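Asker: Provide a 3D model corresponding to the input given below.
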Amino acid sequence: MESLKKTGPVLAGPGGKSTGKRAVQEIALKDLSRFGQNYSNLNPIFKALVEWMKKHPAPHPPAIQSLTRQGNRDQDALRSVVVFRSGDRIFTLYLKCIESLYEIHIVLIENTNLAYLIDQGFKKRSHFLRLGSATYSDEAKTQLVSCNTTYEKPSDIRTKEFYQVFYSWWDSVKDSVQKDRHKK
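Answerer: The predicted structure is shown next:
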C-alpha cells in the first residue's frame, strides 16, 4: 500500500503503556473529499471495520473504558487500538464496536487533544462528537489516566479533521480485510 510504511517503536500500546514491540504505521493524510460527500456515514464500512477489529483485538486503558462505558452492553464489545503517525503528528485510535447495536465508538487522541465520536447512523440515529483532553501520568505520555470532554456540534471544522484522520487510517488497512475475504 502506498500510504503505509513501518517506522519506530510504539509510543503507547493497547493498555496505554509503552510496549516498544510494535511498529507505528505511517499514514498519509488524504483530502476528505476523496471519501465522498457523505463521509460521516460509516454504514458502508461497518462490516469490514468489524471484521478488521475481530482480527486486531486489544484492550482499552481504564480512562478510555470509562469514557466509552455503556453498562452491560460493554461485555460484548469489540475493542481495538491503533497507533500511527502522519509526518510529525502521532495519533492513537481507540475503536469500540457493539456489533448487535450497529454502534461504533471512535476515540482519537493526538498529544493531549481528544475527539470522541459515537456513530449510531446504522440505525438512523444521529451521532455526536465530544472534544476535550487526555491526561497522562508522565511527560512521556505512556500512561493515560483520564479523559475530559464536552459535546460539540458534528459540523465543527474539527469534526472534518477527525473524519480525515480516521478515513486516512482506514484507507491504509481496508485492503487487508479484502485480502482476508479472498483467502476464505
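
Asker: which parts of the longest helix that the chain contains are buried?
Answerer: Criterion DSSP state H: the longest helix present in the chain is helix 157-183. Neighbour counts over helix 157-183 (16 or more other C-beta atoms under 10 Å) mark 159, 162-174, 176-177 as buried. All C-beta atoms are positioned from the backbone trio N, CA, C, and that covers glycine.

Asker: for residue 74, give me its contacts.
Answerer: Residues in contact with residue 74 (C-beta atoms under 8 Å, 6 or more residues apart in numbering) are 65, 68, 98.

Asker: go with 7 Å
Answerer: Contact analysis of residue 74 by C-beta atoms under 7 Å, 6 or more residues apart in numbering lists nothing.

Asker: mind checking pLDDT for it?
Answerer: What the model reports for residue 74 is a pLDDT of 80.

Asker: low-confidence ranges in this protein?
Answerer: In the predicted model, the chain carries pLDDT under 70 at residues 1-23, 36-41, 121-127, 153-156, 180-184.

Asker: where along it do the strands fall?
Answerer: 5-9, 23-26, 78-86, 89-98, 103-110, 113-119, 128-136, 144-152 (DSSP state E).

Asker: can you tell me the closest non-neighbouring residue to the most centrally placed residue in the chain?
Answerer: What sits nearest the mean C-alpha location of the chain, by C-alpha atoms, centre = their mean, is residue 93, with 3.3 Å. Computed as C-beta to C-beta, 6 or more residues apart in numbering, the closest residue to residue 93 that is not its neighbour in sequence is residue 82, at 4.4 Å.

Asker: and the buried residues of helix 157-183, which two are the farthest apart?
Answerer: 159 and 176 (26.8 Å; C-beta to C-beta).

Asker: ok, residue 148 - contacts?
Answerer: So, once contact is read as C-beta under 7 Å, 6+ apart, residue 148 ends up touching 132-133.

Asker: so the residue nearest to the centre of the chain makes contact with residue 108?
Answerer: Yes: using C-beta atoms under 7 Å, residue 93 is in contact with residue 108, at 5.5 Å.

Asker: count of residues packed around residue 31?
Answerer: For residue 31, the count of nearby residues is 8 (other C-beta atoms under 10 Å).

Asker: now stretch 159-175: how far from the chain's centre is it?
Answerer: Relative to its chain's centre, stretch 159-175 lies at 9 Å (C-alpha atoms, centre = their mean, to the nearest Å).

Asker: pull the CA atoms of it into PDB?
Answerer: In PDB, the C-alpha atoms belonging to stretch 159-175 read as follows (Å, rounded to 0.1, in the frame of the first residue of the first chain):
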ATOM      1  CA  THR A 159     -15.200  17.100  13.000                       C
ATOM      2  CA  LYS A 160     -13.900  17.200   9.400                       C
ATOM      3  CA  GLU A 161     -10.300  16.800  10.600                       C
ATOM      4  CA  PHE A 162     -11.500  13.900  12.800                       C
ATOM      5  CA  TYR A 163     -13.000  12.100   9.800                       C
ATOM      6  CA  GLN A 164     -10.000  12.900   7.600                       C
ATOM      7  CA  VAL A 165      -7.600  11.300  10.000                       C
ATOM      8  CA  PHE A 166      -9.900   8.300  10.600                       C
ATOM      9  CA  TYR A 167     -10.600   7.600   6.900                       C
ATOM     10  CA  SER A 168      -6.900   8.100   6.000                       C
ATOM     11  CA  TRP A 169      -6.100   5.400   8.600                       C
ATOM     12  CA  TRP A 170      -9.000   3.200   7.300                       C
ATOM     13  CA  ASP A 171      -7.900   3.600   3.700                       C
ATOM     14  CA  SER A 172      -4.500   2.200   4.700                       C
ATOM     15  CA  VAL A 173      -5.800  -1.000   6.300                       C
ATOM     16  CA  LYS A 174      -9.100  -1.800   4.400                       C
ATOM     17  CA  ASP A 175      -7.300  -3.800   1.700                       C
END
